[in-house]
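Just a sequence and a predicted model for now, questions to come.
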2 protein chains.
Amino acid sequence: MIHYKLLERCPLFKGISEDEAQKLLALIHFQVKNYEKNEIVAIAGETVKNLYIILSGSVKGEMIDYSGKTIKIEDVEAPRPIASAFLFGKENHFPVTVTANNEVKILSIPVSEFLKLLQKNMQILKNYLNIISSRSQFLSQKLHFLSFKTIRGKMAHFLLQHAGDKLHSVELKSSQQQMAELFGVTRPSLARVLGEMQREKLISIEKRTVTLLDKQKLNEILQHG
Amino acid sequence: MIHYKLLERCPLFKGISEDEAQKLLALIHFQVKNYEKNEIVAIAGETVKNLYIILSGSVKGEMIDYSGKTIKIEDVEAPRPIASAFLFGKENHFPVTVTANNEVKILSIPVSEFLKLLQKNMQILKNYLNIISSRSQFLSQKLHFLSFKTIRGKMAHFLLQHAGDKLHSVELKSSQQQMAELFGVTRPSLARVLGEMQREKLISIEKRTVTLLDKQKLNEILQHG
DNA sequence: TTGGTTTTGTAACAATTGATACATTTTCAG
DNA sequence: CTGAAAATGTATCAATTGTTACAAAACCAA
């Protein structure tokens, strides 16, 4: 049986009551599959033909490189969906091999049935569109950020974005170490750039508050990449 | 009036006949707006409340930096949609300011009406899901590619991906210059890496055919970033 | 084939970042 | 307040890439 209450916590069923969820699922075909620990749920490269939602337990996604070694990518726990971004589109196959971390119960809805669900319920349609659109927007922003090749460029972009049009100071919410990871660089390299920018009077740092002294010049940095 | 035949060439209406399109649009509310040359269609930051499909003419997207300068991003021509990836999701506002390049006719469908359309017609629903999913997958691949920090890593990934599991040679379809742009590096730097990899007997290059001599070692390069 | 254009290979030097190490400052629990 | 832990500033050297320049090779139209 399905714990319909659990589905409320799944982003796809946000705003759908327990009763509603039960009624909606009664209208379509689906399966609930059980997997034992270490059992393989899906193999990388396989076509994604179903929407998978984890009802209990957790799974891990692993990539297999060309030589056969496996590298763990991420864990997914109930009540999250697996590979929901690969249900449609040109590359609709699993990017990773999915394996059960423990005893797992998975709700499996065929694509054709899921499409029916989307047409029957406006809220689920909205939810799904919001989920995959948000993912796309997140990736787009990430990509834009990475398009700045130098640490200076990334930092200028970061500061200007967080300050917005009006403010002239930014409160850093994370340590240099965390910031360095976000930027994908080493901590001393980040500190060096911050030091240089202070010496050039572009910014000034007091504790964790960064004041933007010359927005004009910070903008020029963006242009150069 | 709308040239419904034009819509067939729009990815969103793929597989929808002229008649069908006309009948479907008759079921919902929409507007056809005309813009003169240089007229502003949408301002960056504005919430996207409609699906816009260009019926004739073309528009350009421009970003405005923090100092007020404008930078042209891309042109969109009939019968393409504008900002269709920003209709839903958390960041549902225009990433760029959109201006008419010439006399432009635009089909404007409110989000709520577009949702109805998606629920009424399975083909359009599939088309839209495929479009935004493909975009997401494209961005994801791009991001994965950029996650390799060295040119060596990018090149190893590129060659192994294009060769697949079975082949041991890759036919390059573009010049070093084009490849360098794809990698986001300079041409001499790319050539240098190719030279090094040849000297190390990892690959051999004959005209535009790259033979992978040591897939094992190429894989090891991926692990190190 | 010829002659010009494009593509490729390579070199020397500058700029940027990574890796590592260490001193200093800040933070925070006791 | 005090002392240990965490965070930060800085230095040095190695690795990687960019920049610029030039010659050799490949390509292609006349």
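Nice, thanks for sending it over.

May I have the residues that are in contact with the residue nearest to the spatial centre of chain A?
Against the mean C-alpha coordinate of chain A, by CA atoms, centre = their mean, the closest residue is A:Arg135 at 6.0 Å. For A:Arg135, the residues meeting the contact criterion (CB atoms under 8 Å, 6 or more residues apart in numbering or on different chains) are A:Ala85, B:Gly89, B:Ser136. For the C-beta atoms, the positions are set from N, CA and C on the backbone; glycine is no exception.

Could you check the angle the helix or strand containing it makes with helix B:122-146?
Of the helices and strands defined by DSSP states H and E, A:Arg135 is found in helix A:122-146. Between the axis of helix A:122-146 and that of helix B:122-146 there is an angle of 30 degrees, by axes from the mean of the first three to the mean of the last three CA atoms, to 10 degrees.

Helix A:122-146: which residues count as buried?
Buried residues in helix A:122-146, counted by 16 or more other CB atoms under 10 Å in any protein chain shown: A:124-137, A:139-140, A:145-146.

Over to stretch A:92-109?
Counting neighbours by 16+ other CB under 10 Å, stretch A:92-109 gives A:92, A:94-100, A:104-109 as buried.

just stretch A:18-36 next, same as before
In terms of neighbour count (16+ other CB under 10 Å), stretch A:18-36 has its buried residues at A:Glu20, A:Ala21, A:Leu24, A:Leu25, A:Phe30, A:Tyr35.

any idea which of those residues is closest to DNA strand D?
Within these, distances to DNA strand D taken as CB to the nearest atom of the strand reach their minimum at A:Tyr35, with 38.4 Å.

which residues touch that closest one?
In this structure, A:Tyr35 makes contact with A:Val41, A:Gly57, A:Val59, A:Ala100, A:Glu103, A:Val104, A:Lys105, A:Ile106, judged by CB under 8 Å, 6+ apart.

got the phi/psi numbers for the nearest residue to the fourth one once chain neighbours are set aside?
I take that to be A:Ala100. Take A:Ala100 and drop its neighbours on the chain: the residue closest to it by CB to CB, 6 or more residues apart in numbering or on different chains is A:Tyr35, 4.2 Å away. Dihedral angles of A:Tyr35 (phi, psi; degrees, to the nearest 10) stand at phi -130, psi 140.

Tell me the bridge partners for A:Tyr35.
Taking DSSP bridges, one finds A:Val104 as the beta-bridge partners of A:Tyr35.

Tell me the predicted confidence for it.
The pLDDT attached to A:Tyr35 in the predicted structure is 95.

rewinding a little: out of the buried residues of stretch A:92-109, which two sit at the greatest distance?
Farthest-apart pair in the buried residues of stretch A:92-109 is A:Asn92 and A:Lys105; separation 24.2 Å (CB to CB).

For chain A, what lies in contact range of DNA strand C?
Applying CB under 7 Å from any atom of the strand, one finds that chain A approaches DNA strand C through A:149-152, A:184-189, A:192-193, A:207.

And the residues you listed, which of them are buried?
A:Ile151, A:Arg152, A:Val185, A:Val193.

Am I right that the first one is in contact with A:Leu182?
I take that to be A:Ile151. No: A:Ile151 is beyond contact range of A:Leu182, at 11.6 Å (criterion: CB atoms under 8 Å).

remind me which residues of chain A are low pLDDT?
Applying pLDDT under 70 to chain A flags the ranges A:1-2, A:64-71, A:224-225.

can I see the domain layout of chain A?
Following automatic domain parsing, chain A resolves into domains at A:4-140, A:151-223.

all helices of chain A, in order?
Taking DSSP state H as the criterion, chain A contains helices spanning A:4-7, A:18-26, A:111-120, A:122-146, A:151-163, A:176-183, A:187-199, A:215-223.
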